[in-house]
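Visitor: just need the structure, nothing else, for what follows:
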Amino acid sequence: MIRQTAVKPLDRQKKIMEGLQRNNDKYKNDPYAKEFGISLSGTMTKLTGRILDPPSIEYRDNGKDKNIVNINKTNPGKWFQDKNTYLNGADVSNWAVLDMAQLNDGQYKEVVQGFVTVGKENGIKFGGVDKVMKVRVSMKDLDEALATIEDHLVRIGHHFQAAGSKLDFVLIIFAYKAGSLYDKIKHLGDVKLNISTQCCLKANLYKGGNLSKQVVANVCMKINSKLGGINHVLSKGCRPNILKRPVMIMGADVSHPAPECRSFKPSIAAVVASVEPKAVNYEVQVRIQDMGLESNEEVIKDMKDVTRNLLLKFFEKNNGRKPEKIVMFRDGCSEGQFLTVLAKELVAMREACMELEEGYQPPITYLVVQKRHHTRFFPSDTNKYRNGNALAGTVVDQGINHPTEGDFYLLSHEGIQGTSRPCHYQVLWDDNNMTADELEVLAYYLCHLYSRCSRSVSYPTPTYYAHLVADRARKHHNELAQFDCGSSSGYSAGSGKMTESERRKIKEVVERGVEKPMYFV
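Guide: This next block holds a predicted model:
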């Protein structure tokens, strides 16, 4: 789908210019436009942007000076781990493989050995082939697989319990993509059985016929995060000043159901907050919001309680230290709702601080992050990638910005397909009196902390994580309510018949959250 719809930057520019030309010709010959003296410029707006220097990335210090990776300034947006190991690698002594792809014995050994070898190279200690429990299940009959998956996971859990050891995680290999089965596994693992699970496709593991080390390494990044490890951080030398004192970086997103499901599906709000100085590990709060039938309300209603819980978690993780500052990156908010969201959520955050301790009023900076807009940048000099996209780190904060409100466009990722869409950051409130430069650098550097890949992503990490949490909570909710759908906003005719007590119970389970940290990556 993306390959078909993606348009290269130069082609996109040409299309825009052709459309502009057609409209201009209409205006030139329009008697009313002539009478009123209206004319349109036939060129794109020329802007002055700048490119922020990328941060350097720190891995585990193995006694050599090579644990800091410098990102190439002429080709930013990605870096190579080389022979570095994760800053904090997890220990995976007891794990199981649930083979749903009918691997033969040779392939099974190859996969397990692949994870052990690649894990060792990256800093994860996997238990060897003899430590792994193997369970085979067929996916030929999907209904049967859905019916028996819980028994298999329970059996795996009991096997390790009986041996007096703790199951670290289960690797599940799918024969083909099966949304309903994936959702069920995630619900069982996250909510019901409290087991860390990692799913992957056989076709991806065996790209090009042989086991792909790159795919295994990518999966290892996710496994390490799920098990409480830290993959990489910003090096001490380039860490923004705001991170040098206790600060809580928050991200929030609200996920809405499809229009046809509004009568029986709620909106789900997710808020994440960093709890350590490196801003890589996040605590999570989820809230289910029943919205009106007419429109989707963007405001997170229970913001006071959410902030209170996250502040308490910060307090607990930092030996009784409170955040001196709070920075919120808010996603999923349209321009018409800025003031409503700001008025309600900012006040709620303040109340939460005051409730925890009288006189505790940390300065709050509140930004909205938007990607749904039509602004595109086409570099007119050589500062671009081979495909014509602007370089990661490109910032535009003058020329097309609001004259009084602080806002800026930041393109923080390398556009591989199509034309890159920059992120639009609007500063709605800033008690910290941060300069435009400080905010831009903080946002750009946070884009490098996404634990799934060694790339800079298009959104700041906390916002991205809030989005993933909301998506996962939707899956949990669909499973609990038995909505018959494969997508995040699927539809089934009989789904609306839930009693009030059932709704309350489901809300309670979803909002209680998942015990394991970073389960959503």
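
Visitor: and the residue nearest the centre of the chain, what does it touch?
Guide: Nearest to the geometric centre of the chain sits residue 464, at 2.7 Å (CA atoms, centre = their mean). Residue 464 makes contact with 251, 450, 457, according to CB atoms under 8 Å, 6 or more residues apart in numbering. From N, CA and C alone the C-beta is placed, and that goes for glycine too.

Visitor: hmm, 7 Å instead?
Guide: 450, 457 (CB atoms under 7 Å, 6 or more residues apart in numbering).

Visitor: residue ranges for the helices of the stretch 101-250 of the chain, please.
Guide: Secondary structure of the stretch 101-250 of the chain (DSSP state H, counting those that start in this stretch): helices located at 105-122, 142-162, 179-187, 202-205, 213-226.

Visitor: hang on, the earlier thing: tell me which element the residue nearest to the centre of the chain falls in.
Guide: For residue 464, the host element (DSSP states H and E) is helix 461-480.

Visitor: and the next element down the chain from that helix?
Guide: Assigned by DSSP H and E, the successor of helix 461-480 is helix 500-512.

Visitor: how much does that next one deviate in direction from helix 179-187?
Guide: Helix 500-512 runs at 70 degrees relative to helix 179-187, counting by axes from the mean of the first three to the mean of the last three CA atoms, to 10 degrees.

Visitor: buried set for helix 500-512?
Guide: 506, 507, 509, 510, 511 (16 or more other CB atoms under 10 Å).

Visitor: quick one: list the elements packing against that helix.
Guide: Packed against helix 500-512 by the contact rule (3 or more CB pairs under 7 Å, 6 or more residues apart in numbering; DSSP states H and E) you find strand 282-289, helix 461-480.

Visitor: centre of the chain to stretch 454-461, how far?
Guide: Taking the mean of its C-alpha atoms, stretch 454-461 sits 9 Å from the chain's own mean (CA atoms, centre = their mean, to the nearest Å).

Visitor: mind saving the C-alpha coords of it as CSV?
Guide: Output in CSV follows, covering the C-alpha atoms of stretch 454-461 (Å, rounded to 0.1, in the frame of the first residue of the first chain):
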residue,chain,number,x,y,z
SER,A,454,18.8,2.6,15.8
ARG,A,455,17.1,5.5,13.9
SER,A,456,15.7,8.8,14.7
VAL,A,457,11.9,8.6,14.4
SER,A,458,9.4,11.3,13.2
TYR,A,459,7.7,11.8,16.6
PRO,A,460,9.4,12.4,20.0
THR,A,461,9.7,9.0,21.8
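
Visitor: which SSE is residue 355 in?
Guide: Going by DSSP H and E, residue 355 is part of helix 347-356.

Visitor: picking up where we left off before, and the helices of the stretch 101-250 of the chain: which comes nearest residue 76?
Guide: In terms of CB to CB, the element of the helices of the stretch 101-250 of the chain nearest to residue 76 is helix 213-226, at 19.9 Å.

Visitor: tell me the average confidence for that closest one?
Guide: Averaging pLDDT along helix 213-226 yields 96.

Visitor: what sits against the nearest residue to residue 442 once chain neighbours are set aside?
Guide: Among residues not flanking residue 442 along the chain, residue 240 sits closest, at 4.9 Å (CB to CB, 6 or more residues apart in numbering). Counting by CB under 7 Å, 6+ apart, residue 240 makes contact with 438, 441, 442, 445.

Visitor: please repeat the previous calculation with a cut-off of 8 Å.
Guide: Counting by CB under 8 Å, 6+ apart, residue 240 touches 234, 438, 441, 442, 445.

Visitor: with residue 227 instead?
Guide: 90, 91, 92, 168, 169, 196.

Visitor: most surrounded residue in these?
Guide: Among these, the one with the most neighbours (other CB atoms under 10 Å) is residue 92, at 24 neighbours.
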